[in-house]
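In: sharing a model that was predicted from the sequence below.
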Amino acid sequence: MSSVFELQNVSYKYDESPILQNISLQIPKTLITGILGPNGSGKTTMLKVLSGIYKPNDGHVRLNNKPLEEYSRPEIARQIAFLEQNNSTLLPFTVREVVEMGRYPWLKPLAALSTKDREIIDYALQCFNLIDKQNQIVETLSGGERQLVSLARAMAQEPKILILDEPTTYLDIGHQSMVMEYLRKWHEKYGTTILMVMHDLNLSSQYCDHLIILEQGKTVAVGGNKEVLNEELISRTYKASFSMIKHPVSGVPQFLPRFTD
Amino acid sequence: MKKKNYHLLLMGLILLGSILMTLSIGSVQVPVGITFRILLNQLPLLEIEQDWSTTQESIIVALRLPRVFLAVIVGAMLATAGVAFQGVLRNPLADPYILGISSGAAVGAAGAILFVNTANILAKIALPLFAFLGAILSLLMVFALAWRRNREAVSLILAGVVIQSFLGAILAFAVTISGTKLRTIVFWMMGSLAGNDWSNILFLMPYLIICFTLIYAFYRNLNILSLGEQAAHHLGMNVERIKILVLLAASLLTAAAVSVVGIIGFVGLIVPHIVRLITGPDHRILIPVSCLAGSVFLLWSDTLARTLIPAMEIPIGVITALAGAPFFGYLLKKRI
């Protein structure tokens, strides 16, 4: 299996306290990979190291077999779209204007949008059912709709790799599964590699092909979701008791918290 | 797209109309029609039958026209600086005056006048550069003060207020000990467009043209910055470089204006906010329309300043602060 990212002995410190410790792993190409772990286990930091925002103190990150630091910022942006947790805009931009911003890495300075750019923007709006809302101000939309605008912006960026930091946090259960379904369709259509930090074990189990579980800056398990997920590991990592059951339809592992005796 | 260009055209027409009307207003009223014909007559190759007195012509052309043009240019400079500061600092309350940049520029300019021989033409040309040094120093001081909590809109403004009052004290001290070498404290702290000739206008033009072009060239980046610095970074933008370039251009605009007309506050705050209500937040149109609207705003403020009380000049900064400070209060209540 080929990989998009390869981490070799990566460590990252913040103010002398280690956030990531000696991590070596590969992120497989064209799969959906989930990063799980308790709060403060270094999940978001790992995304920032992978996208070149943080430079590791030690070790190497390679993107498509080339050291990450050899890429320029625009080169990275033409490969990777990154959606942060908080995706509000400061100014009252419309949905369409925000999605247009996704074209930035492909535009020459001062150049106007081409017909092709406009088609890509239209298509992204269509994919996320935003055509009717394209002239609305983003701030006036609900949290779930705003997340779709961010996804449409990421799609307009035409990335080969999509990185998301907790794409379903703060959403109700309906919007959570809606966002995950959109991501799955996107992935199936384009074979885009998706890497996301997740809090919800059950959603991760259903939608991810590959999981990385972090604890205190170290990997405790890496692999396919059925290999990785088990009652003992999850209870130990999250320091609480869980029962594992099979999803009645898909058969993937699902976790329910249980009382400790 | 086309609707947005229409805003630009409309604001251009408002500016032309305002120039014509404010030229006519004053202790001697000249009918607008006559003002228009006097102006046309100034153009080469146009022969217009003269139905006005030479007094009227000299009032319009020699007295009011330079002052009106100065208001147009300074208003454009301050409003453009305001849009740039708000966009790049991601702070709706940013303005060269509130951030203390204008005070820094005034200290720089006053210092240059005190310690350098300004009778020398080279020193006069270099005056904005000294003001620019002062502006940059004050900007650095504001950042240093606000650094710990610089994600908060208010702390940057608080730092600006502190630096502003500190530099204001230095300025007042310098003016006091300078005897007659510096212009009055009221000129520096409240600004004035009076007593200027064409040379000052010609001399401000290159600053406006160069800095405006530079800021406008980054309109797309300023839009993207409103998604947040990290998001801009992820879209492949060199955030730090662009921030520094835009901050330098906005500071230079402020410094050049202050070195000629003193400190005029709130223009850079009020104008972009009102323009944004009309055009929306897209900097591609916001920057040029704000630039024109800044001219209109300062033009009318100056007209009020010179005509509100007959035979007396109110400092223009009084007018802009009377409008601007309540506006700032309103924004503070509404936005934060």
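Out: Now that the structure is in, tell me what you want to look at.
In: beyond the helix or strand where residue B:79 lies, next helix or strand please.
Out: Element membership for residue B:79, per DSSP states H and E: helix B:65-89. The helix or strand immediately downstream of helix B:65-89 is helix B:101-115, counting by DSSP H and E.
In: past that following helix, which element shows up next along the chain?
Out: Helix B:101-115 is succeeded, C-terminally, by helix B:121-146 (DSSP H and E).
In: spell out the secondary structure type for residue A:147.
Out: Assigned with DSSP: H, G, I helix; E, B strand; the rest coil, residue A:147 falls in the helix class.
In: got a list of what it touches?
Out: Counting by Cβ atoms under 8 Å, 6 or more residues apart in numbering or on different chains, residue A:147 makes contact with A:87, A:167, A:171, A:175, A:179. (Glycine included, C-beta is placed from N, CA and C.)
In: which ones, among those, also lie beside chain B?
Out: The subset of the contacts of residue A:147 within reach of chain B, counting by Cβ under 8 Å from any Cβ of the partner chain, consists of residue A:87.
In: which of the contacts of residue A:147 sit farthest apart?
Out: The two members of the contacts of residue A:147 with the most space between them (Cβ to Cβ) are A:87 and A:175, at 13.9 Å.
In: those two: which has the busier surroundings?
Out: For residue A:87 versus residue A:175, neighbours defined as other Cβ atoms under 10 Å in any protein chain shown are more numerous around residue A:87 (21 against 17).
In: hmm, the more buried one is touching residue A:150, no?
Out: Yes: counting by Cβ atoms under 8 Å, residue A:87 does reach residue A:150; the two are 4.3 Å apart.
In: so which of the contacts of residue A:147 sit within helices?
Out: A:175, A:179 (DSSP state H).
In: export the contacts of residue A:147 as JSON lines, with columns for pLDDT.
Out: Shown next, in JSON lines, are these (pLDDT from 0 to 100):
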{"residue": "A:87", "pLDDT": "71"}
{"residue": "A:167", "pLDDT": "92"}
{"residue": "A:171", "pLDDT": "88"}
{"residue": "A:175", "pLDDT": "90"}
{"residue": "A:179", "pLDDT": "92"}
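In: so where's the stretch 151-300 of chain B uncertain?
Out: Low-confidence segments of the stretch 151-300 of chain B, defined by pLDDT under 70: B:151-154.
In: residues of it that sit close to chain A?
Out: Residues of the stretch 151-300 of chain B lying near chain A by Cβ under 8 Å from any Cβ: B:217, B:220, B:223-228, B:230-231, B:233-238, B:276, B:280-282.
In: what do you get if the cut-off is 6 Å, keeping everything else the same?
Out: B:224, B:226-227, B:230, B:234-236, B:238, B:281 (Cβ under 6 Å from any Cβ of the partner chain).
In: among those, which lie within strands?
Out: The strands, defined by DSSP state E, take in nothing from those.
In: show me which of these is closest to residue A:51.
Out: Minimum distance to residue A:51 across these is 6.5 Å, recorded for residue B:234 (Cβ to Cβ).
In: list the contacts for the closest one?
Out: residue A:82 (Cβ atoms under 6 Å, 6 or more residues apart in numbering or on different chains).
In: can you tell me how far it is from residue A:119?
Out: According to Cβ to Cβ, to the nearest Å, residue B:234 and residue A:119 sit 23 Å apart.
In: let me know how buried the residue in the stretch 151-261 of chain A that chain B sits nearest to is, in neighbour terms.
Out: Closest residue of the stretch 151-261 of chain A to chain B, Cβ to the nearest Cβ: residue A:157 (7.2 Å). The burial count assigned to residue A:157 is 26, neighbours taken as other Cβ under 10 Å.
In: please apply the same query to residue B:29.
Out: Neighbour count for residue B:29, taken as other Cβ under 10 Å: 11.
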